[in-house]
Every structure is written in structure tokens, then in C-alpha cells.
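>>> Attaching a predicted model along with its sequence, questions to come.
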Amino acid sequence: MSGSPPPNGGFVRRVGLFQATAINMSQMCGIGPFVTIPLMVAAFGGPQAVIGFVAGALLALADGLVWAELGASMPGSGGSYVYLRQAFQYRTGRLMPFLFVWTAMLFIPLIMSTGVVGFVQYLGYLAPRLGQTAGDLIGLGIIALVVLLLWRGIEHIARITAVMWVVMIASVVLVIAAAATDFSAHLAFTYPAHAFELGSSHFWLGFAGGLTIGIYDYLGYNTTAYMGAEIKDPGRTLPRSIILSILGIMAIYLLLQIGTLGVIDWHRMTSPDDIASTSVASAVLEETWGKGAADTVTVLILVTAFASVFTGLLGGSRVPYDAARERVFFRPYAKLHPRHRFPMLGLATMGAITAVGFLIGRHTDLATLIQLLTTVMVIVQALAQIVAVTVLRKRQPALRRPYRMWLYPLPSVVAFVGWCVIYGYADKNSPGRHPVEWSLAWLALGCVAYLVWARFEKVWPFGPKEIAEEYLAAPVVDAEPAGA
């Protein structure tokens, strides 16, 4: 079944290259770099931790080219949900898009929970006597407040996002500027013995850990792919926005990492009793510009953390709603609040999972939480999407591809290997915590849920496959509102 162009759901293509790149960058750089620098240093065991951010950027670029080809070819609203539905419908019907939504119900709120963990960590700088129980209650209160604000309905979201962007940029720029005023090359570039010993298993374990943390910090480079129906000239804009945002954030992260290492001795970042291990940006400001400046920037970081959780749950709660509305997920998730018109069940579910993830992060460690969320998303999103590029090239050779992956299939291979390294590292480096086993259990439970849902909806394997090749159609034409 092919023919008419896919509907945009009423969206207008107004987002240009600059706005698209800014959207990606604002999603990539939230609380992440402020809480992961000590984790990166601990993984590598020294200032050579900058390798982790570079490795994360390379994996993001390779994977970004996967997103670029798929997004440019199928510029609809939904991102992975659309690509997996198109690629795997021939053999497994709606199973893969269903499993994507199922896993997104877990990994999106887990990402948000890391923001709440970061919020409580930096709050500890302003309130050094904050205990474990008090921190837990404050974090749960923040999550409840976010859900309450979203539950009542929110207008002018663009303004909130703009404020978040300004506060985030101000936080990063102030930390980089402060580090530059008292930078010590000796601290930043003096490495421990055997730091670059490539034959050592210690180096490669550190590299795998750094790659996991690094790709977590770059998550968000694909945001515009989920907004494909609103992007001008998506065949050109989507690939460029992905590549430019990754390069821009890499420059920011390197300045932030190197600058921080040039002010704070890296040993302090690995000491659990030192404030630099939990609030490294605040420690930089205190060391350079004094306690008052450190307190001010810490408040900005807290605002950034809160805003990232707010916008993340706002967008994430729409994922099961869109799928349920198109009969690819449980129907109750398609219901909207009768007055404020937001997806009630999606928001409530993700809010609850965010709370559980926050408690896991607080009572284990942030690195374990990051490993859990990355393992959950690797199989169904990252690896399946890489396979989808090749499947679609074979199944839909006539699909319009305004952008074709450079050096195909090399980026796909690099991305596939990189994600497999992350997945394998999580299993080896988390004895007793079993993030891989938990991710596989969640996937297996999703397969069971799919069978229950498919039986009720009478779709494959309990009904016929519905093949819809709606993107085998005319070129996408930018639409402007009447009178524009």
C-alpha cells in the first residue's frame, strides 16, 4: 500500500536549521555534564578522562548519521517509532514499534531521574547537612511538583524552554569562564603513570565506562528527528542539525572538562568526602570567584535540572499517547484529560517510574542508573534502528533519500559496535546489580504485553499484517500557514 504522502497531523514546517540545531543542543546539555565529570574522571582514573567525551561524540556522530538518513527519508512525527514501524512491518507487524514505546516508557523517565539525582547532589552544596532521607524526600517532592504542574496543563511551553536554554547556557559559560581565570595546565595535563597503556585491561574498562557516560551526555542529538513533521526542508535540515549540534556540544564539553580539571585536582573528584565529587561546578566557582558566585551558579544549575525534568516528562508523556492513538499501544494511553487536554496515563506512569529511578540512583550510584537506562534503550532503539537502515534500503529501494549515510555502511558498523561495547560493559562492571538482565527481563515482559495487546486488537500474529509504505510518495513540500 503506497501512494499519498503521510499526514503531518496538522503540523506546519517552520523550524529552520538554526532553530533545529538549538533544539538539539538544549536537549543535549542539561544537568548531565555538571554531574558526570567526576564519574568520567573516576572511570579513567585521571585527567585523560577527556577521551570519554571525544569517544562519546564519535559514537553520537556515527549513530547520528543513522538518524539523519532515516529522519530525512521519513520526516514525520515520532522518530524511532516511525522508522521501526516502516522497517519491520514486513515480518513482525507492529511488534517493533510496540516494543519501542514499551522501552521508552522506561528509559525516558530513567533519564529524567538522573536529572533529579543531579538536583539533589547540587542542593547538597547549598545545604551541606542535607541527609539521605531528606534528600530522598526532596527529590520525590520535585518529581511530584513537576507532575502536578504538568497535570494542571501548561501554556506557553516555548517560553519555558527558552528560559531553560538561557539558564543552561549561562551556567556553562560561567563555569568555563571561571575556570579560565585560574587555569593550571599542570593540573589539567599531568597524567598518572600508564594512563595511555593500550595493552592494559584497566584502560579499556575505563574507556568502556567513559563511552557509556559520554553517550549519556550527548543524548538529545536526535530530538529534531522526533519533530520531523515540523522541520523545513527536512532532507537537508535534519542531517545538518544533528551533526552541528554534536560538534557544538563536543566543543562545550571539552572546554568544561579541561577547564574543570585545570582548577580542581582530579583526586578530589574521586573522593566521596569532597564536594567536588558531587558538585564539581560549584567547587570550581568557589575556588576561582568565591562562595557567593558559587552559590549563584549552583542555583542556576538547580533551575536547569528542574527545567530539564519538566520538559522531558512533558515530551515523554506524549510518546505512548501518539502510539495508542494510532493503535500501536494500549488504548487507555490515548485518553486525554477532559479539560486540559494532556495524556493523563502517560504522564502518571512516567512520573512514577521517574520516582523509582531516582531512588535507585540515590541508593546505588548515578553510574549504575546511567548503565541501566542505556542498556534498556540499546536493543530496541539503537541496534534495531541501525538494522532498519539496511532493511529499508533493501525493502524500499525507491524510498526518497535526500540524505544518504556517508561512507555507508561504516558509520552503521561503528555505531553498532559502540552500542554493543556499552551493553557488554554494563554487564561486566555491575556485579550484583544486573542492568543487562533487567533490560532483557523488561524486553521479555514487553513481548508478553505485545501478545496480550495483539490478541485483543486482532493484529499479527493473531491477525493479518498491515503493510503501509506511506513514505514511498511524492517529495516533502514545505508548508506555510495562510498569509505567511
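Perfect, I can see it now. Note that the structure is a prediction, hence the values are computed from the model and not measured.

>>> Tell me which stretches of the stretch 251-400 of the chain form helices.
Using DSSP state H, counting those that start in this stretch, the helices found in the stretch 251-400 of the chain span residues 266-269, 280-288, 291-316, 318-325, 344-363, 366-377, 384-395.

>>> how about the ones you listed, which one is nearest Gly52?
Nearest of those to Gly52, taken as Cβ to Cβ: helix 366-377 at 12.1 Å. In short, each C-beta sits where N, CA and C put it, glycine included.

>>> and that closest one, average pLDDT?
Helix 366-377 carries an average pLDDT of 86.

>>> quick one on the thing from earlier: let me have the helices of the stretch 251-400 of the chain in CSV, extended by mean neighbour count and distance to Ser113.
Shown next, in CSV, are these (neighbours: other Cβ atoms under 10 Å; distance: least, Cβ to Cβ, whole Å):
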stretch, mean neighbour count, distance to Ser113
helix 266-269, 19, 22
helix 280-288, 24, 20
helix 291-316, 21, 8
helix 318-325, 22, 16
helix 344-363, 20, 3
helix 366-377, 24, 7
helix 384-395, 18, 24
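
>>> Below-threshold pLDDT in the stretch 301-450 of the chain: ranges please.
Along the stretch 301-450 of the chain, the parts satisfying pLDDT under 70 run over 429-433.

>>> got the helices of the stretch 251-400 of the chain as a markdown table, with distance to Phe416 columns?
Putting these into a markdown table (distance: least, Cβ to Cβ, whole Å) gives the following:
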| stretch | distance to Phe416 |
| --- | --- |
| helix 266-269 | 32 |
| helix 280-288 | 33 |
| helix 291-316 | 26 |
| helix 318-325 | 24 |
| helix 344-363 | 27 |
| helix 366-377 | 14 |
| helix 384-395 | 5 |
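
>>> now for the ones you listed, which one comes closest to Pro33?
Closest among these, using Cβ to Cβ: helix 280-288, at 8.5 Å.

>>> average pLDDT across that closest one?
For helix 280-288, the per-residue pLDDT averages 94.

>>> try stretch 151-168
Stretch 151-168 shows a mean pLDDT of 66 in the predicted model.

>>> With stretch 172-187 instead?
94.

>>> Buried residues in that stretch, which are they?
Using 16 or more other Cβ atoms under 10 Å as the test for burial, stretch 172-187 gives Val172, Leu174, Val175, Ile176, Ala178, Ala179, Phe183.

>>> How far off centre is that stretch?
A distance of 27 Å separates the C-alpha centroid of stretch 172-187 from that of its chain, computed with Cα atoms, centre = their mean, to the nearest Å.

>>> Looking at the helix or strand containing Ala62 now, give me its mean pLDDT.
Following DSSP states H and E, one finds Ala62 within helix 50-73. Taken as a whole, helix 50-73 has a mean pLDDT of 94.

>>> Output the contacting helices and strands for the helix or strand hosting Ala180.
For Ala180, the host element (DSSP H and E) is helix 157-181. Counting contacts by 3 or more Cβ pairs under 8 Å, 6 or more residues apart in numbering; DSSP states H and E, helix 157-181 packs against helix 17-28, helix 32-44, helix 234-261, helix 280-288, helix 291-316.

>>> Which one of the buried residues of stretch 172-187 is nearest to Leu149?
Using Cβ to Cβ, the shortest approach to Leu149 within the buried residues of stretch 172-187 belongs to Val172, at 25.1 Å.

>>> Isn't the closest one up against Gly30?
No - here Val172 lies out of contact with Gly30, judged by Cβ atoms under 8 Å, at a distance of 10.5 Å.

>>> quick one on the thing from earlier: just checking, which helix or strand succeeds the helix holding Ala180 along the chain?
helix 185-189.

>>> Alpha carbons of stretch 339-355, as CSV, please.
These are the backbone C-alpha positions of stretch 339-355, laid out as CSV (Å, rounded to 0.1, in the frame of the first residue of the first chain):
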residue,chain,number,x,y,z
ARG,A,339,-10.3,19.9,30.4
HIS,A,340,-6.5,20.4,30.0
ARG,A,341,-6.1,18.0,27.1
PHE,A,342,-2.9,16.2,28.2
PRO,A,343,-2.3,12.4,28.3
MET,A,344,-3.1,11.6,31.9
LEU,A,345,-2.0,7.9,32.0
GLY,A,346,1.3,8.5,30.1
LEU,A,347,2.2,11.3,32.5
ALA,A,348,1.3,9.4,35.6
THR,A,349,3.1,6.3,34.5
MET,A,350,6.3,8.1,33.6
GLY,A,351,6.2,10.2,36.8
ALA,A,352,6.0,7.0,38.9
ILE,A,353,8.9,5.4,37.0
THR,A,354,11.0,8.6,37.4
ALA,A,355,10.5,8.4,41.2
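
>>> mind listing what's buried in the biggest helix by length in the chain?
Counting by DSSP state H, the longest helix found in the chain is helix 95-126. Buried residues in helix 95-126, defined by neighbour count with 16+ other Cβ under 10 Å: 95-125.

>>> so who does the closest residue to Thr181 other than its chain neighbours touch?
Leaving aside its chain neighbours, Thr181 sits nearest to Thr288 (5.5 Å; criterion: Cβ to Cβ, 6 or more residues apart in numbering). By Cβ atoms under 8 Å, 6 or more residues apart in numbering, the residues touching Thr288 are Ala178, Ala179, Thr181, Asp182, Val263.

>>> The same query, at a cut-off of 10 Å, please.
For Thr288, the contact set (Cβ atoms under 10 Å, 6 or more residues apart in numbering) comprises Val175, Ala177, Ala178, Ala179, Ala180, Thr181, Asp182, Phe183, Gly259, Val263, Ile264, Ala294.

>>> which one of those residues is nearest Val448?
Val175 (46.5 Å).

>>> any idea how far that closest one is from Ile370?
Distance from Val175 to Ile370, counting by Cβ to Cβ, to the nearest Å: 21 Å.

>>> Surely Asp419 touches Ala60?
To be clear, residue 419 is Trp; Asp isn't right here. No - in this structure, Trp419 is not within contact of Ala60 by Cβ atoms under 10 Å, at 11.2 Å.

>>> between these two, who's got more neighbours?
Taking neighbours as other Cβ atoms under 10 Å, Trp419 and Ala60 compare with Ala60 leading, 29 against 25.

>>> tell me the contacts of the more buried one?
Contacts for Ala60 were tallied using Cβ under 10 Å, 6+ apart; they are 28, 67, 214-215, 217-222, 242-243, 245-247, 249-250, 415, 418.

>>> after the helix holding Ala62 comes which helix or strand?
Downstream of helix 50-73, the first helix or strand assigned by DSSP H and E is helix 80-92.

>>> can I get the CA coordinates of that following helix in PDB?
Extracted C-alpha coordinates of helix 80-92, given in PDB (Å, rounded to 0.1, in the frame of the first residue of the first chain):
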ATOM      1  CA  SER A  80      12.200   5.800  16.100                       C
ATOM      2  CA  TYR A  81       8.500   4.800  16.300                       C
ATOM      3  CA  VAL A  82       8.100   5.600  12.600                       C
ATOM      4  CA  TYR A  83      11.300   4.100  11.400                       C
ATOM      5  CA  LEU A  84      10.900   0.800  13.200                       C
ATOM      6  CA  ARG A  85       7.300   0.500  12.100                       C
ATOM      7  CA  GLN A  86       8.300   1.000   8.400                       C
ATOM      8  CA  ALA A  87      11.300  -1.300   8.500                       C
ATOM      9  CA  PHE A  88      10.000  -4.300  10.500                       C
ATOM     10  CA  GLN A  89       6.300  -4.400   9.400                       C
ATOM     11  CA  TYR A  90       7.000  -7.000   6.800                       C
ATOM     12  CA  ARG A  91       8.000  -9.800   9.200                       C
ATOM     13  CA  THR A  92       6.800  -8.900  12.600                       C
END
